[in-house]
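Asks: Sequence first, then the predicted structure, then my questions.
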Amino acid sequence: VKINPPSPFVEAHSGSTSEFTEEIQARSSHKFVFALDIEDGAKAGTYTIPLMIDYISEAGQKFSLEKSITLKISPQSDFLVGKVATDPAVITGGTTFRLNVPVENIGNKDAESVKAILKTKSYFTGAKTDYLGDIELGSEKIATFELKADRDTIPDNYETDIKIIWTDCDERLEEIKSFG
């Protein structure tokens, strides 16, 4: 069995576009697994992937069938973390500060019930969750966190992750973004 994926699908690094089995008994089935990746920027929609099945009958006759698989790429939200700002701008050990993280919806769909959870190092304490509500396509909201730097925090550029959680048709989705 072979597939020939058209754009926006490409063969996954860990996958293959062909599978083989020695025999499929009459009135039984066999599961073939293909791994595909979707190119960045793929448009939401329904796509048809050609499927070729080659087999030999018990009598030794060769047969080829052409079928197709239909896959749907659903529109979904995607987020971009903008330039992060602190108030005050300079943070020293023992400082209480506000961290403002712009979150923009750059995906293909409005995001509902968006929540941002900050994953900071242990020497930053405080409120690490902010509910942003709905973020329409192309819109931006600011996630605000009130934190305190531990007295022993040394000057450095700290890499921080932010988990963004949202709902899409009763499905809970999440992604993690990083910033310094």
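Replies: Received the coordinates, thanks. Numbers count the residues shown, from 1 in each chain.

Asks: Now do the end-to-end distance for stretch 131-139.
Replies: 15 Å (C-alpha to C-alpha, to the nearest Å).

Asks: shaky segments in the protein?
Replies: Counting by pLDDT under 70, the chain contains low-confidence ranges at 75.

Asks: Can you tell me how far the residue of it positioned farthest from its centre is from residue 25?
Replies: Residue farthest from the centre of the chain, counting by C-alpha atoms, centre = their mean, is residue 59 at 48.7 Å. According to C-beta to C-beta, to the nearest Å, residue 59 and residue 25 sit 16 Å apart. Every C-beta, even on glycine, is put in place using the N, C-alpha and C of the backbone.

Asks: got it, and residue 113?
Replies: Distance of residue 113 to residue 25, computed by C-beta to C-beta: 49 Å.

Asks: Over to residue 73?
Replies: Residue 73 is 35 Å from residue 25, by C-beta to C-beta.

Asks: Between those two, tell me which one has more neighbours.
Replies: Neighbours per residue, other C-beta atoms under 10 Å: of residue 73 and residue 25, the larger number sits with residue 73, 15 against 7.

Asks: who's in contact with the closest residue to that one other than its chain neighbours?
Replies: Leaving aside its chain neighbours, residue 73 sits nearest to residue 44 (5.2 Å; criterion: C-beta to C-beta, 6 or more residues apart in numbering). Taking C-beta atoms under 8 Å, 6 or more residues apart in numbering, we find residue 44 in contact with 73, 74, 75, 76, 108, 109.

Asks: Please report phi then psi for residue 99.
Replies: phi -110, psi 120 (degrees, to the nearest 10).

Asks: Count the residues that sit near it.
Replies: Neighbours of residue 99 using other C-beta under 10 Å come to 24.

Asks: try the one 10 residues further on
Replies: Residues within reach of residue 109, counting by other C-beta under 10 Å, total 17.

Asks: just residue 166 next, same as before
Replies: Count around residue 166 with other C-beta under 10 Å applied: 25.

Asks: wouldn't it be in contact with residue 110 here?
Replies: No: Residue 166 is beyond contact range of residue 110, at 9.4 Å (criterion: C-beta atoms under 8 Å).

Asks: how close does the residue nearest to residue 73 sit to residue 88?
Replies: Using C-beta to C-beta, residue 44 is found at 43 Å from residue 88.

Asks: measure residue 95 to residue 128 for me?
Replies: Distance, residue 95 to residue 128, by C-beta to C-beta: 17 Å.

Asks: In contact with residue 112, which residues?
Replies: Contacts of residue 112 (C-beta under 8 Å, 6+ apart): 134, 166, 167, 168.
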